[in-house]
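Trainee: Let's see this in three dimensions:
(chains A, B and C)
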Amino acid sequence: MPHFIVDYSGNLHDRLDFQPLFKQLHEYVVSTGVFPLGGVRSRAIRCDDFRVADGREDFAYINLSMKIGPGRDDSLKQEVSETVFAIFCEWMKPVTDTGYCQISFELTELDPVFKFNKNNIHSLFSGNG
Amino acid sequence: MPHFIVDYSGNLHDRLDFQPLFKQLHEYVVSTGVFPLGGVRSRAIRCDDFRVADGREDFAYINLSMKIGPGRDDSLKQEVSETVFAIFCEWMKPVTDTGYCQISFELTELDPVFKFNKNNIHSLFSGNG
Amino acid sequence: MPHFIVDYSGNLHDRLDFQPLFKQLHEYVVSTGVFPLGGVRSRAIRCDDFRVADGREDFAYINLSMKIGPGRDDSLKQEVSETVFAIFCEWMKPVTDTGYCQISFELTELDPVFKFNKNNIHSLFSGNG
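Mentor: Sure thing, here's the model as predicted:
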């Protein structure tokens, strides 16, 4: 944890470079001191079949879902949400400055009935978390 | 809001045209008067690696997830769910009339810890919502 | 139900064969006697844009989300979760024995406001559910 999951309309694909976004998000959440680097993961899902509002071809959408484990205090979650959303919007600025886009972000606490992890990456970053 | 998210088995791909479905869903939810057009978005995710039941090649699945913000009253949600599912099944009829398919639909209220939106499309439709 | 949903980093794609995993998962859940074969479905979503931890190219992730309807008792859910996770990790062993990977699994109860299904496969397996 945390997981960052982006999904977006395919008409944005050629204008987006995810690595700088993901790198900045990972470095930020690790900098808070409560998320170990070895557990952070991000991915993006491209959706070529989509419709935004009334379907104009120059309309786009992008959604960022951030999932964390339960139990962090509210002030931390507030701060993390605001900072992550700011990073996200700043990264999207070249798109939103010149075109139409729905940007959405949500932070959810993953509180499943049962949850298991197996991770042989944590040990590489034992100083980070 | 709302978000419509379809995912489906890749063996359906050549038989599905999503734009008529999405157009009808968007027009319907806007017609209820409680969802502004500028916030409606739909997408479909194709899954080429899938297995349905015992894995027969002619088995297919499709899932539609509809996410809305919290706070709408139950009778509205009931009506919207039933109508959206009816539109969905009608659109799938050419498939289900001639083959095997699992169709599933769910309406969930998105009630994350924190949620932010930035949307420069709403202003284009100020009369709609 | 249940739904199995995998998403994974694209650098794993050539090393994964999903059918044996999905087959084993389907056979296992049906063997418990509480999940009808006709309602079981699995899919995998490949994510080519991803970042794991500090972004080393040989880092990978895979996530398995299992969704079931509400109302099963806790001991069953515990047993199912543990067995599914064990099957998942065993299937991933060729990867985790030789490389770095974050494996995550979660069982969630799908408890939406409204949920509908239409399924013409169940009738083929009337003895199973």
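
Trainee: anything in the longest helix along chain A sitting right up against chain B?
Mentor: Criterion DSSP state H: the longest helix present in chain A is helix A:74-96. Yes - residues of helix A:74-96 contacting chain B under CB under 8 Å from any CB of the partner chain: A:Lys77, A:Gln78, A:Ser81, A:Glu82, A:Phe85, A:Cys89, A:Thr96. (C-beta placed from N, C-alpha, C; glycine too.)

Trainee: need the helices for chain A, in chain order.
Mentor: Remark: helices assigned in chain A by DSSP H are A:18-31, A:74-96.

Trainee: for the longest one, packing partners?
Mentor: Okay, so that is helix A:74-96. Under the contact definition 3 or more CB pairs under 8 Å, 6 or more residues apart in numbering or on different chains; DSSP states H and E, helix A:74-96 sits against helix A:18-31, strand A:59-68, strand A:100-109, strand B:114-119.

Trainee: average model confidence for the longest one?
Mentor: Model confidence over helix A:18-31 averages 98 on the pLDDT scale.

Trainee: Repeat that for stretch A:41-52.
Mentor: Here the average pLDDT along stretch A:41-52 is 98.

Trainee: do it and chain B meet?
Mentor: Yes - for stretch A:41-52 and chain B, the contact criterion (CB under 8 Å from any CB) is met by A:Ile45, A:Cys47, A:Asp49, A:Phe50, A:Arg51, A:Val52.

Trainee: Scan the residues you listed and report the most crowded one.
Mentor: A:Val52 (27 neighbours; other CB atoms under 10 Å in any protein chain shown).

Trainee: I figured that one was touching A:Ala60, is that so?
Mentor: Yes - using CB atoms under 8 Å, A:Val52 makes contact with A:Ala60 at a distance of 6.4 Å.

Trainee: list residues touching both of the two?
Mentor: Counting by CB atoms under 8 Å, 6 or more residues apart in numbering or on different chains, the shared contacts of A:Val52 and A:Ala60 are A:Ser9, A:Tyr100, A:Gln102.

Trainee: where does the residue nearest to the last one when sequence neighbours are not counted land on pLDDT?
Mentor: I take that to be A:Gln102. Counting by CB to CB, 6 or more residues apart in numbering or on different chains, A:Tyr61 is the residue found nearest to A:Gln102 once chain neighbours are left out, at 4.2 Å. Listed pLDDT for A:Tyr61 reads 98.

Trainee: Contacts only, for A:Tyr61.
Mentor: Here A:Tyr61 is in contact with A:Tyr8, A:Ser9, A:Phe50, A:Val52, A:Cys101, A:Gln102, A:Ile103, A:Ser104, B:Arg41, B:Arg43 (CB under 8 Å, 6+ apart).

Trainee: The nearest residue to the fourth one once chain neighbours are set aside: neighbour count?
Mentor: Among residues not flanking A:Val52 along the chain, A:Phe59 sits closest, at 3.7 Å (CB to CB, 6+ apart). Residue crowding around A:Phe59 was assessed by other CB under 10 Å; the count is 21.

Trainee: Quick check: bridge partners of A:Phe59?
Mentor: A:Tyr100 (DSSP bridges).

Trainee: which residues sit in contact with it?
Mentor: A:Phe59 neighbours (CB under 8 Å, 6+ apart): A:Ser9, A:Val52, A:Ala53, A:Tyr100, A:Cys101, A:Gln102, B:Ile121.

Trainee: Quick one: residues contacting the nearest residue to A:Lys115 once chain neighbours are set aside.
Mentor: Nearest residue to A:Lys115 in three dimensions, chain neighbours excluded: C:Glu106, at 4.6 Å (CB to CB, 6+ apart). Residues near C:Glu106 by CB under 8 Å, 6+ apart: A:Leu110, A:Pro112, A:Phe114, A:Lys115, A:Phe116, C:Asn63, C:Leu64, C:Ser65, C:Met66.
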